[in-house]
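Undergrad: need a structure here:
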Amino acid sequence: MIGALRHKVILLDVSRASDEAGGASLSWGAGSEVWASVERLTSTRDFAGDRANRLKRIAVTIRFSAEVALGQRLTFEGVMFETVSIESDDGRDRRLTLICEEVLS
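TA: Numbering: from 1, shown residues only. Sure, this is the predicted structure:
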């Protein structure tokens with residue numbers, strides 16, 4: 001498995017800034033850099049208004065990390081992705097597989 005973890009991905013940290021209307025804005029900054037196995041998956045469609053977009057999808061396998069959660073963002077090869085699914089592929093929490101979709105800005 002060690003040889004398969006040959007790609008670097010950067011887990012992003014989120015920070016919230018409250019606004020005067022009672023809401024908050026989120027900003028994402030570089031956090032931990034981890035080694036991963038990355039597999040490209042088939043893309044999905046996202047409809048924004050009357051326009052269809054193709055979203056890249058990847059499966060990222062990393063060593064177990066408690067800091068990873070649904071909605072967690074990461075970057076791989078300069079593209080930002082959001083974690084939509086987390087699976088423990090061995091049932092013993094040694095490795096995690098994150099299914100991620102591209103975030104369009």
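Undergrad: Secondary structure of G3: a helix, I assume?
TA: Yes: the assignment for G3 by DSSP: H, G, I helix; E, B strand; the rest coil puts it in a helix.
Undergrad: who touches the longest strand along the chain?
TA: Determined from DSSP state E, the single longest strand within the chain is strand 24-48. The contact list for strand 24-48, computed with C-beta atoms under 8 Å, 6 or more residues apart in numbering, reads 1, 4-19, 52-63, 65, 67, 73, 75-76, 80, 99, 101, 104. Yep, even glycine has a C-beta here, placed from its N, CA and C like the rest.
Undergrad: what does the average pLDDT come to for it?
TA: On average, the pLDDT along strand 24-48 is 85.
Undergrad: then the following helix or strand past it to CSV, C-alphas only?
TA: Next in sequence after strand 24-48, counting helices and strands by DSSP states H and E, comes strand 51-63. What follows is strand 51-63, C-alpha atoms only, in CSV (Å, rounded to 0.1, in the frame of the first residue of the first chain):
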residue,chain,number,x,y,z
ARG,A,51,-26.7,25.3,-17.8
ALA,A,52,-25.3,21.8,-17.3
ASN,A,53,-21.7,21.4,-15.9
ARG,A,54,-19.5,18.3,-15.8
LEU,A,55,-18.0,17.7,-12.4
LYS,A,56,-14.7,15.8,-12.1
ARG,A,57,-14.8,13.0,-9.4
ILE,A,58,-12.0,11.2,-7.7
ALA,A,59,-11.5,8.5,-5.1
VAL,A,60,-8.7,9.4,-2.7
THR,A,61,-7.3,6.8,-0.4
ILE,A,62,-5.3,8.1,2.6
ARG,A,63,-4.1,6.8,5.9
